[in-house]
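Colleague: Please work out how this folds:
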Amino acid sequence: MSSTVKKCLNGIYAAAATLVVYIVTIGSCVSLMFLLISMEEGGTALTDQALPITQAIVLLSQGSGFTAGALTLTIMPLGLTIVLVSLATACIRKFGMSWTAMLSGGLLWLLVTFLLQQVSGIVLVDTTTVIELKALTIYLFSYAIAAFTGNQWKMTKLYAGYLKLPFSLRRTVKIAISMAAILLALFTIVAFGTVISWVILYHDAVGRIFILAQMGTNSRVLSSLAALVWLPNLTIWASSWLAGGGFYVGDLASFTLWSGQSHDLPLLPIFGLFPEAVTNPVMKMLLLLTPVCICAVVSLFTLLHSKGYGLISTMKHDGLQTIQGNLIKSFASAFLGLVISAAVVLISLSVAFICSDGSLGRYRLKNVGVDLTESITTYSRATIVGCLSPWIVVVVGAATILCWNAIRTGISHSTEVLSLVSDTDAHNHSDRS
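Modeller: Below you'll find the model as predicted:
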């Protein structure tokens, strides 16, 4: 068997393994869920819809929504998307990566996506071309993660070009990317903690919705478990809420730190978790300052620690007696790195906000999620202020020490001159005597 054919088959195996495991798992969960609900509520209508719902959910997890009766759903269940990308990444690594494998696997991925579109009883929102492009994006994103988290990309021309950059620039970029990853991880942890606090504070409201919707025990448990696939979406909305941006449920509700208004929301249990306005001004200020403080602490640590930009070591080495080129270069590199980190964070948040949004209907529930402009504006202020403030403080501190050392040096030099002049005058006086 030739090398090209083997690589082609490896790509097909990786894509096939991913899709088979993913689709079968989703289908099994949907069938079990509908079976239990049908046993509790009576009838077989739900079990008959297991296959088309499975097809629709697989497409929805890749960003393609659908319409079923009065329901229009385009909010990606990012929990399922993360599972799909993780599974695809693992399979791609297992069977090996190459351009041929990526091409063959991508073609199979597109073919299966096309077959999934042949669904009865459900109308897909997007055209075939758009659905295929979204599916291809998921596949290529998985392939990129598999490549860049392994050693494969080190054999590419991109990595060779990266190695041609000056070492100081490569080090700055590496530290900046690491700092951005830490900031995003901390934002996610804090936002997830916010969601947990909502669950603790507003679980009674969810219980009341269960009662109003006349849901049985099985339906309550299964609907709660199903809602977990949208937990990453809710976490992203919570991050916007925490920074002061908030999120919206169409024209029916808006949730920010200053308001928690809703009118005639559908009886979905997850809506019961959405927060009320924060009335305590101190707590409100603490919440608003949380992203700023996270950025400031991480930025200060990165600036001063030896594994970061190591400005303390640089200042100790130079002594801060005079302004030297090495000191200026260190501060300039640190500033560039902080700007790169802030840019990466804001771009990543923008992508997350876009992916988390969608619709639950055609009219009053058309736009559900965060307002992208408002949320990015609030995070831009928090990130830029939080990242650059420590740099300014360190620069001012270093300048103050430089000025103080210059003054001390000047005073010491003046004292020596005066002492020398005094000794000279005394010596001349004694000679005349």
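
Colleague: okay, CA-based contacts and neighbour counts for the rest of this
Modeller: OK.

Colleague: tell me which helix or strand of the chain sits lowest on mean pLDDT?
Modeller: Here the helix or strand of the chain ranked lowest by mean pLDDT, DSSP states H and E is helix 45-48, holding a mean of 65.

Colleague: Can you name the element that comes right after that helix?
Modeller: Tracing the chain past helix 45-48, the next element assigned as helix or strand by DSSP states H and E is helix 50-60.

Colleague: who does whatever helix or strand residue 285 lives in touch, helix- and strand-wise?
Modeller: For residue 285, the host element (DSSP H and E) is helix 281-304. Judged by 3 or more C-alpha pairs under 8 Å, 6 or more residues apart in numbering; DSSP states H and E, the packing partners of helix 281-304 are helix 167-212, helix 231-243, helix 311-318, helix 372-432.

Colleague: What mean pLDDT does the longest one get?
Modeller: What helix 372-432 shows for mean pLDDT is 73.

Colleague: can you check the first one too?
Modeller: This predicted structure assigns helix 167-212 an average pLDDT of 90.

Colleague: Quick one: distance of that helix to the chain centre.
Modeller: The offset between the C-alpha centroid of helix 167-212 and the centroid of the whole chain comes to 8 Å, using C-alpha atoms, centre = their mean, to the nearest Å.

Colleague: now do the shortest one
Modeller: Remark: helix 311-318 is offset 34 Å from the chain centroid, using C-alpha atoms, centre = their mean.

Colleague: quick check: angle from it to helix 281-304?
Modeller: Helix 311-318 and helix 281-304 are oriented at 40 degrees to each other (axes from the mean of the first three to the mean of the last three C-alpha atoms, to 10 degrees).

Colleague: Show me what helix 311-318 is packed against.
Modeller: Secondary structure elements in contact with helix 311-318, counted by 3+ C-alpha pairs under 8 Å, 6+ apart, are helix 281-304, helix 325-356.

Colleague: so which of the ones you listed gets nearest residue 207?
Modeller: Comparison of those against residue 207 by C-alpha to C-alpha identifies helix 325-356 as nearest, at 25.5 Å.

Colleague: if we can go back for a sec, output the helices and strands packed on helix 281-304 as TSV; include the columns distance to residue 355.
Modeller: As requested, those are arranged in TSV below (distance: least, C-alpha to C-alpha, whole Å):
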stretch	distance to residue 355
helix 167-212	15
helix 231-243	8
helix 311-318	38
helix 372-432	11
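
Colleague: what's the closest non-adjacent residue to residue 71?
Modeller: residue 361 (5.8 Å; C-alpha to C-alpha, 6 or more residues apart in numbering).

Colleague: before we move on, the earlier item: mind checking the helices and strands packed on helix 281-304 for the one nearest to residue 267?
Modeller: Taking C-alpha to C-alpha as the measure, the helices and strands packed on helix 281-304 were each checked against residue 267, and helix 167-212 came out nearest at 6.1 Å.

Colleague: Pull the contacting residues for residue 249.
Modeller: Applying C-alpha atoms under 8 Å, 6 or more residues apart in numbering, we find residue 249 in contact with 365, 367-369.

Colleague: tell me which of those is nearest to residue 178?
Modeller: Checking those one by one against residue 178 (C-alpha to C-alpha), the nearest turns out to be residue 369, at 28.6 Å.

Colleague: pretty sure the closest one contacts residue 245?
Modeller: No. Counting by C-alpha atoms under 8 Å, residue 369 sits too far from residue 245 to count as a contact (10.8 Å).

Colleague: What residues does the residue nearest to residue 278 when sequence neighbours are not counted make contact with?
Modeller: For residue 278, the nearest residue in space outside its immediate sequence neighbours is residue 257; the separation is 5.3 Å by C-alpha to C-alpha, 6+ apart. Taking C-alpha under 8 Å, 6+ apart as the definition of contact, the neighbours of residue 257 are 241-242, 244, 246, 276-278, 284.

Colleague: Report the separation between residue 257 and residue 286.
Modeller: Residue 257 is 11 Å from residue 286, where distance means C-alpha to C-alpha, to the nearest Å.

Colleague: what about the stretch 201-350 of the chain, any weak spots by pLDDT?
Modeller: Filtered on pLDDT under 70, the stretch 201-350 of the chain yields the residue ranges 261-263, 317-325.

Colleague: again, 90 this time
Modeller: 201-228, 243-281, 303-333 (pLDDT under 90).

Colleague: Residue 332: neighbouring residues, count only.
Modeller: 12 (other C-alpha atoms under 10 Å).

Colleague: If you count neighbours, what's buried in stretch 359-375?
Modeller: Of the residues in stretch 359-375, those scored as buried under the neighbour-count criterion (16 or more other C-alpha atoms under 10 Å) are 359-361, 365-372, 375.

Colleague: and it, how far apart are its ends?
Modeller: Stretch 359-375 stretches 18 Å from its first residue to its last (C-alpha to C-alpha).

Colleague: Not counting that stretch itself, show me its contacts.
Modeller: 70-75, 237, 240, 243-252, 350, 353-354, 356-358.

Colleague: on that earlier part again, now do the SS call for the residue nearest to residue 71.
Modeller: In three-state terms, and counting by DSSP: H, G, I helix; E, B strand; the rest coil, residue 361 is coil.

Colleague: Phi first, then psi, for it.
Modeller: Note on residue 361: backbone dihedrals following degrees, to the nearest 10 are phi -170, psi -170.

Colleague: how close does it sit to residue 61?
Modeller: Distance of residue 361 to residue 61, computed by C-alpha to C-alpha: 18 Å.

Colleague: Need the winner for burial among the helices and strands packed on helix 281-304.
Modeller: Mean neighbour counts were compared across these using mean count of other C-alpha atoms under 10 Å; the top stretch is helix 231-243, at a mean of 24.

Colleague: Strands of the stretch 1-150 of the chain, residue ranges please.
Modeller: For the stretch 1-150 of the chain, the strands defined by DSSP state E, counting those that start in this stretch cover 66-68, 71-73, 123-124.

Colleague: Backbone dihedrals for residue 125, please?
Modeller: Reported as degrees, to the nearest 10, the phi and psi values for residue 125 are phi -70, psi -40.

Colleague: could the helices and strands packed on helix 311-318 be laid out in TSV, adding distance to residue 123?
Modeller: Listed next are the helices and strands packed on helix 311-318 as TSV, based on distance: least, C-alpha to C-alpha, whole Å:
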stretch	distance to residue 123
helix 281-304	41
helix 325-356	21
